[in-house]
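*Asks:* got a predicted structure plus its sequence, pasted below:
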Amino acid sequence: MGFINWLLGLGASVVLPIIIFILSMIFRMPIGKAVRASLTIGVGFIGINLVIGLLGNTLGPAAQAMVKNTGVNLPILDVGWPVAAAITFGTTSIVPWVFVLGILLNLVLIAVKATKTLNVDMWNYWHFIFSAAFVYFMTGNFVLGLLVALITSAIVLKLADFAAPVIQKHYGIPGITTPHLDTVTWSPLGWVINKGLDRVPGIRKWHASPGQLQEKYGIIAEPIIMGTVLGFIIAILAYYPEFSSDLGGAVKQILTVGITLGAVMLVLPRMVAILMEGLVPLSDAAKQFIQTRFPGRELYIGLDGAILVGHPANIAVGIILVPITLLLALLMSVLGVNQMLPFTDLAVLPFFAIWATTWSRGNVVRGVIIGTFFIACMLSIATFLAPATTDMAHAANFAIPAGATQISSIDSGAHLAPFMLAFGFIFSRAAQYGLGFQVWISFILAFALFSYIAYFIYIGRGHIPGIDDEHLYVEASDEDEVDIARGPAGEDAVDHVAVHLAEQADSSTGDQAAAR
Amino acid sequence: MAQRRVLVCCATGIATSVQVSHRLKELLKARGMSIEVAECKVIELPARVSAFRPHAVVSTTQVDPKLIPVRVFPGLPFLTGLGIEAATDEIAAHLKSLSVEGA
């Protein structure tokens, strides 16, 4: 036992390469490739750690000074999903369990025809691992954490099944769905709110097109620009009291913080890309392993929600949500239901736009309304998960600055299904945030539960969500889509958004036919 | 032949683009082509295209072709494995045709 504790105490940059090497051997990778991949993962961890150190040492003090000057209570740093993912892969006691059992569960559910979704998106197993990890760190119950992760992955597969028709039609990508926890678990909520908006007289017909938003304002959403601008704003709020005493010093601080945070925004994803590069060979091997298990079955291939984000409506809503998220964070901190200062994950808001826009087929007005509600929920859940995330980071030997505040991320707050499942076991933790927080978080839970039930009942009655009611949205918005909707079934693959994807569809159906 | 640059883009510049670039590099290597690859976020695509000056863009998500002057290829085959050889051939042919024009 002493040896195992010593081994785990070495930290993720040492332990994870070992685990990945063992998993690579199980999936029969060549040894040289396995060694290189495993080392790459360790290197990725060290790189991420460097950047977290930079983030903590720059944003940390600035945010604390800002909190002191302005009185806003936002002590939790949003370190973003890249760090959340790295921390998660650092919970080495859980990683292999969720990987192996999760893959097995997917295979079993397909074998008994309980799902049509084959999740080949190994990277995003981190969401299931995170689910297991936060439950484990909050309750101390390992088996409970694992159970929550596995039930969550089954729910996510079902949600991916249900979402497949509208994804394939709206985005024009046949045979694909997205069992992507942090996006698809919001699909029932988006669906319910969208149905509600159908009944609101003013909004019912209101439709803004994404238009030239990316061309005009896209630059603001580029990570390097957003990081620098936010850095300047935070640093000004942090260091303006020094203007009178030491102007030169204060300006220097402000410029340094600005450019450093621009660097963090740009460099952090690059470091995660190194980690990812190390995971790709294993993920390929695992994918091969599961894909060869079901020749001839017609399955949806499950990919990252990232493939949907490029849609102009999602990018537009993601850009509009940036200022809204900052305002919400401030407003909600006054109300006592948020303590997190949004930062790193402001770069990935288009992800959370997916299920805010998809049901209305890309309606930006509805996307902003629904997206704002999503973000409001995510900020509170992220606040709630911050202590557990911080503990996980410490356990994985991450460089959280000493005496620093807690860390979390907007994306952590998007782990809705595991949060709902584990809520009964962790609710007592909400007490420390006060009554308002308890009421709001209970409302989130109740609304989510209601949405899931309504969504499942609708489907249980034989409806296909997003398809049976598409006449409500498609006719008014885009002529091309109407033509597709009315065209013969064979033309479904041709989407106005991306005709080149249709070429791929043709070639893939050709391949499928050849495979049979 | 001069080395060709390919920019692989997805929503995060990490999640799917790294997988795609890894596979694309290996498949083109098998065809005797060595390429320089970079990954980026779809939101920074126009800026990265003007900085990196790629000969082709491969995207796993939707890209507005008006925003960039380079030919865009679908990245999904490299994620699903369906039609991956045909997609690679298409990109290889495109990159080769450029080198002829350049000569």
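*Replies:* The structure has been received and is ready for your questions.
*Asks:* now do the buried residues in the longest helix belonging to chain B.
*Replies:* Longest helix of chain B, by residue count under DSSP state H: helix B:84-102. Within helix B:84-102, the residues scored as buried using 16 or more other C-beta atoms under 10 Å in any protein chain shown are B:84, B:86-88, B:90-92, B:95, B:98. Where C-beta positions appear, they are placed from N, C-alpha and C, glycine not excepted.
*Asks:* dump those into TSV; add distance to residue B:36 and pLDDT as well.
*Replies:* Output for the buried residues of helix B:84-102, formatted as TSV (distance: C-beta to C-beta, whole Å; pLDDT from 0 to 100):
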residue	distance to residue B:36	pLDDT
B:84	21	90
B:86	23	92
B:87	19	93
B:88	16	94
B:90	19	94
B:91	14	94
B:92	15	93
B:95	11	91
B:98	14	82
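*Asks:* just those residues that are near chain A?
*Replies:* When contact is defined as C-beta under 8 Å from any C-beta of the partner chain, the buried residues of helix B:84-102 meet chain A at B:86-87.
*Asks:* which of the buried residues of helix B:84-102 lies closest to chain A?
*Replies:* Lowest distance from chain A to these (C-beta to the nearest C-beta) belongs to residue B:86, with 4.4 Å.
*Asks:* restrict stretch A:435-445 to CA atoms and write it as PDB.
*Replies:* Output in PDB follows, covering the C-alpha atoms of stretch A:435-445 (Å, rounded to 0.1, in the frame of the first residue of the first chain):
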ATOM      1  CA  LEU A 435     -30.100  30.200   1.400                       C
ATOM      2  CA  GLY A 436     -30.300  32.000  -2.000                       C
ATOM      3  CA  PHE A 437     -27.800  29.700  -3.500                       C
ATOM      4  CA  GLN A 438     -29.700  26.600  -2.200                       C
ATOM      5  CA  VAL A 439     -33.000  27.900  -3.600                       C
ATOM      6  CA  TRP A 440     -31.500  28.700  -7.000                       C
ATOM      7  CA  ILE A 441     -29.600  25.500  -7.300                       C
ATOM      8  CA  SER A 442     -32.700  23.500  -6.300                       C
ATOM      9  CA  PHE A 443     -34.600  25.400  -9.000                       C
ATOM     10  CA  ILE A 444     -31.900  24.400 -11.600                       C
ATOM     11  CA  LEU A 445     -32.200  20.800 -10.500                       C
END
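*Asks:* what residues does it touch?
*Replies:* Here stretch A:435-445 makes contact (C-beta atoms under 8 Å, 6 or more residues apart in numbering or on different chains) with A:335-337, A:377, A:380-381, A:383-384, A:419-420, A:423, A:430-431.
*Asks:* what about 7 Å?
*Replies:* Stretch A:435-445 is contacted by residues A:335-337, A:377, A:380, A:384, A:420, A:423, A:430-431 when judged by C-beta atoms under 7 Å, 6 or more residues apart in numbering or on different chains.
*Asks:* rounded mean pLDDT for that stretch, please.
*Replies:* Stretch A:435-445 carries an average pLDDT of 94.
*Asks:* could you do stretch A:200-210 as well?
*Replies:* Computed over stretch A:200-210, the mean pLDDT rounds to 73.
*Asks:* and that stretch, anywhere near chain B?
*Replies:* No. Against chain B, stretch A:200-210 shows no contacts by C-beta under 7 Å from any C-beta of the partner chain, the least distance being 9.2 Å.
*Asks:* would you put the C-alpha positions of that stretch in PDB?
*Replies:* The C-alpha trace of stretch A:200-210 is given here as PDB (Å, rounded to 0.1, in the frame of the first residue of the first chain):
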ATOM      1  CA  VAL A 200     -44.300  33.900 -26.500                       C
ATOM      2  CA  PRO A 201     -46.000  36.200 -28.900                       C
ATOM      3  CA  GLY A 202     -43.200  38.700 -29.500                       C
ATOM      4  CA  ILE A 203     -40.300  36.300 -29.600                       C
ATOM      5  CA  ARG A 204     -42.100  33.700 -31.600                       C
ATOM      6  CA  LYS A 205     -41.300  35.300 -34.900                       C
ATOM      7  CA  TRP A 206     -38.200  37.100 -34.000                       C
ATOM      8  CA  HIS A 207     -35.200  35.900 -35.900                       C
ATOM      9  CA  ALA A 208     -31.800  37.400 -36.300                       C
ATOM     10  CA  SER A 209     -29.300  35.900 -38.800                       C
ATOM     11  CA  PRO A 210     -25.700  35.400 -37.800                       C
END
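*Asks:* show me how far it is from its chain's centre.
*Replies:* 27 Å (C-alpha atoms, centre = their mean, to the nearest Å).
*Asks:* with stretch A:292-301 instead?
*Replies:* Distance, centroid of stretch A:292-301 to centroid of chain: 26 Å (C-alpha atoms, centre = their mean).
*Asks:* equivalent analysis for stretch A:288-303, please.
*Replies:* Counting by C-alpha atoms, centre = their mean, stretch A:288-303 comes out at 24 Å from the chain centroid.
*Asks:* wait, residue A:317 touches residue A:366, no?
*Replies:* No. Applying C-beta atoms under 7 Å, one finds residue A:317 not in contact with residue A:366, separated by 9.1 Å.
*Asks:* neighbour count winner among those two?
*Replies:* Comparing residue A:317 with residue A:366 by other C-beta atoms under 10 Å in any protein chain shown, the one with more neighbours is residue A:317, at 32 against 27.
*Asks:* just name the shakiest helix or strand of the chain by mean pLDDT.
*Replies:* With no chain named, the answer covers chain A. helix A:479-486 (a mean of 37; mean pLDDT, DSSP states H and E).
*Asks:* my question was about chain B, not that one.
*Replies:* The least trusted helix or strand in chain B, going by mean pLDDT, DSSP H and E, turns out to be helix B:84-102, with a mean of 83.
*Asks:* could you dump it to PDB, C-alpha only?
*Replies:* The C-alpha trace of helix B:84-102 is given here as PDB (Å, rounded to 0.1, in the frame of the first residue of the first chain):
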ATOM      1  CA  ILE B  84     -10.700   8.500 -45.100                       C
ATOM      2  CA  GLU B  85      -8.700   7.200 -48.000                       C
ATOM      3  CA  ALA B  86     -10.700   9.100 -50.600                       C
ATOM      4  CA  ALA B  87     -10.500  12.300 -48.600                       C
ATOM      5  CA  THR B  88      -6.700  11.900 -48.200                       C
ATOM      6  CA  ASP B  89      -6.400  11.300 -52.000                       C
ATOM      7  CA  GLU B  90      -8.400  14.400 -52.700                       C
ATOM      8  CA  ILE B  91      -6.100  16.500 -50.400                       C
ATOM      9  CA  ALA B  92      -3.000  15.000 -51.800                       C
ATOM     10  CA  ALA B  93      -4.100  15.700 -55.400                       C
ATOM     11  CA  HIS B  94      -4.900  19.300 -54.400                       C
ATOM     12  CA  LEU B  95      -1.500  19.800 -52.800                       C
ATOM     13  CA  LYS B  96       0.300  18.200 -55.800                       C
ATOM     14  CA  SER B  97      -1.600  20.300 -58.300                       C
ATOM     15  CA  LEU B  98      -0.400  23.400 -56.400                       C
ATOM     16  CA  SER B  99       3.200  22.400 -56.700                       C
ATOM     17  CA  VAL B 100       2.800  22.000 -60.500                       C
ATOM     18  CA  GLU B 101       1.300  25.500 -60.700                       C
ATOM     19  CA  GLY B 102       4.100  26.800 -58.600                       C
END
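*Asks:* next one: it to chain centre, how far?
*Replies:* For helix B:84-102, the distance to the chain centre is 10 Å (C-alpha atoms, centre = their mean).
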